[in-house]
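Enquirer: structure of the sequence below:
(2 chains)
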Amino acid sequence: MTVASKPAPRATIDLWRWAGRAFLAVMMLFTLLPMVWMLLTSIKSGFAALQFPPQWWPNEPTLASYKKLLDPTSSVGEDFLRFFWNSLFVSTMSTILSVIVAVPAAYAFSRFDFPGRKFLFFSVLLRNMFPAVVFLVPLFILMRFLGLMNTHGSLILTYLTFGLPLAIWLLKGFYDNIPYQLEQAARIDGASRFQAFLLIIMPLSVPGIIATAIYSFIGAWNEYIFAYTFINRNDRLTLPIGIQRFFSESSSDFPGLMAASFMMSVPVVVLFLMLQRYFVRALTEGAVKH
Amino acid sequence: MAHVVLKNLIKTYGGYNAVNDVSLTINDGEFVALVGPSGCGKTTTLNLVAGLTSLTSGEILIGERLVNDVDPKNRDIAMVFQNYALYPQKTVYANLAFPLQMRKLPRDEIDRKVKQAAQMLDMTHLLERKPRELSGGQQQRVALGRALVRDPAVFLMDEPLSNLDAKLRVQMRSEIKRFHQDLKATIIYVTHDQLEAVTMADKLAVMSGGNLQQYDSPAKVFANPVNMFVASFIGSPAMSLVPLTASTVDGRAVLAGAEGWTLALSPLNARKVQRATSSKVVLGARHSTIKLTTSAVPGAIPAKAYTVEPTGDVTFVQAMLSGAIVNISVPPDVAVEADQPIWLAFDQDRMHLFDGATELALKAD
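Expert: Sure thing, here's the model as predicted:
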């Protein structure tokens, strides 16, 4: 105890502080440099991208790769835009469905006492105990049985099963922190049980719902292995698979690959920047008594 | 406003009776406090009246209407919660307007009623604020206002003051009392604070273990507690309860203490003691009804001061009698010290006698 009560020498504190900053700086470089390199490569010409020693800053920056990708009349652009649209559709649908299912489920787990509540709640977590790959073959067989092979439905259904457990857990924690007296007050003030949920509880849980939505959108947007297994038709591929094919078919077009990768990261970044205010609130909400 | 009748209310949670056969009639315009220690069933009883908890058996009437199966929103009640339960995302104005919007009142009428309630509670300047920007007392006032705008048949209040600090609590206590007097409102008020109940309510419903112990005006509950629980719960400091043995000395009824002393009983008290189911009798006395002297007096019981607590305008002296602590109040100028021999004289007309076995108050007839 005597050690703890002695004030640490100033130099030691500074040393730790600077060590911490240095560590953070290294980590930041580690995560940012690949992205910077991706951006730089995407604006190089095909020849410049393969040069050695590399050009750190391209001599002739060009947006040709982006133009090609976004031009619906070129074959590359047509494919890319279609993959992009497919990914957007699959991710948005699984996000919407995930919210539609998770919100009432989490609310029920938080508020109602029904037979098998505990068992159900923990069985929701059961899925997360296994690595996703374990489910690849069973789900493949299941999807074929259901006639969902090569459809976006198979992916939406799969992403839903993977995203829901955490979504329900996250939201349940959120609802647990909303005092039940609020609903009681609303019900006495003239609301039905459903109105109390809709008018009072739902607006309060918006940060939680947004956090859940971002989580499931990103999960679906980046998913590779299931999309690779379930979808074979070129016109139904999602972006991760599309980009991978793009890479294997035209392996020399690094600027094109990098431009496509950059475009793929745009929706996630935009979504996150727009909603991060809510996301942070969701993670800190309920930390203190109101 | 309306009267409320509770008939044989029972609420069971998995074989445990949280509310056990409670019957009450609350008259129109009456302020009734449900009071008791935590877990006594008072809040459950209130939630039953509100319709937030379903009844196991019994009947609840608000006005002439049986409301057993009526939704809370259709019971014509308003409720103030311990944590106020203000809608955090709404402004004060929207909080007050919400119950009216739910009743689909026209916009201008809502506006008029909200402003009227705000004026009455002196919070017109707070209308545009969010609940988190208000102090505890202001939040509590908004909660009261939200109940008020509705002009309900019955107000239900669940420990509305217990989250406030002591000073504010006293202030809000008189505000709620004034509110009741002005509105002639029927109020059912739940509290664990007997002082709050005694000072505010027209009638007390003292509860313990899910049972209604006594239902009467504060003065009557104070003067004639029906059993030892009520006697010790109502009044501060609590009534002293001394376990004694009934016997006779020279043909006169007396109560004997464990230390060997005897207390001769008046004829009325002797008749009461005769009705006890055994010789075990508990003597109850409030601090102000015991006379303390520092020298022997005929009829007074010798004891020893245990602790002395000066509070300024009155000094409390505790003494041990028959293994129980007896609380006596004396004027501050009476000098008593711990371990000093003292003599205690009990007022025969104001003492309470309880059956030691059944814990019920003994009656002369």
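
Enquirer: now chain B against chain A: closest residue?
Expert: residue B:102 (3.1 Å; CB to the nearest CB). No exception for glycine: its C-beta is placed from N, CA and C like everyone else's.

Enquirer: next up, the contacts around that residue.
Expert: With contact taken as CB atoms under 8 Å, 6 or more residues apart in numbering or on different chains, residue B:102 is in contact with A:189, A:190, A:191, A:195, B:73.

Enquirer: how about the fourth one, what does it touch?
Expert: Taking CB under 8 Å, 6+ apart as the criterion, residue A:195 is in contact with A:186, B:102.

Enquirer: element containing it, please.
Expert: Element membership of residue A:195, judged by DSSP states H and E, is helix A:193-195.

Enquirer: mean confidence for that helix?
Expert: The average of the pLDDT scores along helix A:193-195 is 91.

Enquirer: could you find the closest non-adjacent residue to the residue of chain B closest to chain A?
Expert: Distance criterion CB to CB, 6 or more residues apart in numbering or on different chains; nearest residue to residue B:102, sequence neighbours excluded, is residue A:190 at 3.1 Å.

Enquirer: for residue A:102, same thing?
Expert: Closest residue to residue A:102 apart from its sequence neighbours, by CB to CB, 6+ apart: residue A:167 at 3.9 Å.

Enquirer: check contacts around residue B:124.
Expert: B:115, B:118.

Enquirer: cutoff 10 Å now
Expert: Taking CB atoms under 10 Å, 6 or more residues apart in numbering or on different chains, we find residue B:124 in contact with B:92, B:114, B:115, B:117, B:118.

Enquirer: picking that back up, closest one to residue A:55 out of the contacts of residue B:102, please.
Expert: Using CB to CB, the shortest approach to residue A:55 within the contacts of residue B:102 belongs to residue A:195, at 63.5 Å.

Enquirer: hmm, back to that, the residue nearest to residue A:102 against residue A:105, yeah?
Expert: Yes - applying CB atoms under 10 Å, one finds residue A:167 in contact with residue A:105, separated by 8.6 Å.

Enquirer: that older thread, and the residue nearest to residue A:102, backbone torsions?
Expert: Dihedral pair for residue A:167: phi -60, psi -40, per degrees, to the nearest 10.

Enquirer: okay, it: pLDDT?
Expert: 88.

Enquirer: any idea how many residues pack against it?
Expert: Residue A:167: 28 surrounding residues under other CB atoms under 10 Å in any protein chain shown.

Enquirer: how much space separates it from chain B?
Expert: According to CB to the nearest CB, to the nearest Å, residue A:167 and chain B sit 22 Å apart.

Enquirer: what's the answer for residue A:138, then?
Expert: Counting by CB to the nearest CB - residue A:138 and chain B are separated by 41 Å.

Enquirer: in which helix or strand does that residue reside?
Expert: helix A:136-146.

Enquirer: what residues does that helix touch?
Expert: With contacts defined as CB under 10 Å, 6+ apart, helix A:136-146 is touched by A:132, A:135, A:148-151, A:153-155, A:157-158, A:161, A:225-226, A:228-230.

Enquirer: now list the buried members of those.
Expert: Buried members of those, scored by 16 or more other CB atoms under 10 Å in any protein chain shown, are A:135, A:148-149, A:151, A:153-155, A:157-158, A:226, A:228-230.

Enquirer: and of those, the nearest to residue B:110?
Expert: Among the buried ones among the contacts of helix A:136-146, and counting by CB to CB, the member closest to residue B:110 is residue A:157, at 46.5 Å.

Enquirer: excluding its backbone neighbours, what's nearest that closest one?
Expert: Residue A:157's closest residue in space is residue A:148 (CB to CB, 6+ apart), at 7.1 Å.

Enquirer: which SSE is that neighbour in?
Expert: Assigned by DSSP H and E, residue A:148 falls within no helix or strand.

Enquirer: who's in contact with it?
Expert: By CB under 10 Å, 6+ apart, the contact set of residue A:148 is A:139, A:142, A:154, A:155, A:156, A:157, A:158, A:230.

Enquirer: after whatever helix or strand the fifth one lives in, next one along is what?
Expert: Under DSSP H and E, the secondary-structure element containing residue A:156 is helix A:152-176. Note on helix A:152-176: by DSSP H and E, the next helix or strand toward the C-terminus is helix A:180-188.

Enquirer: in that next one, what's buried?
Expert: With burial defined by 16+ other CB under 10 Å, the residues of helix A:180-188 counted as buried are A:181, A:182, A:183, A:184, A:185, A:186, A:187, A:188.

Enquirer: which residues touch the fourth one?
Expert: When the contact criterion is CB under 10 Å, 6+ apart, the partners of residue A:184 are A:196, B:47, B:50, B:51, B:52, B:53, B:72, B:79, B:81, B:85, B:158.

Enquirer: cool, residue A:74 as well?
Expert: A:67, A:68, A:80.
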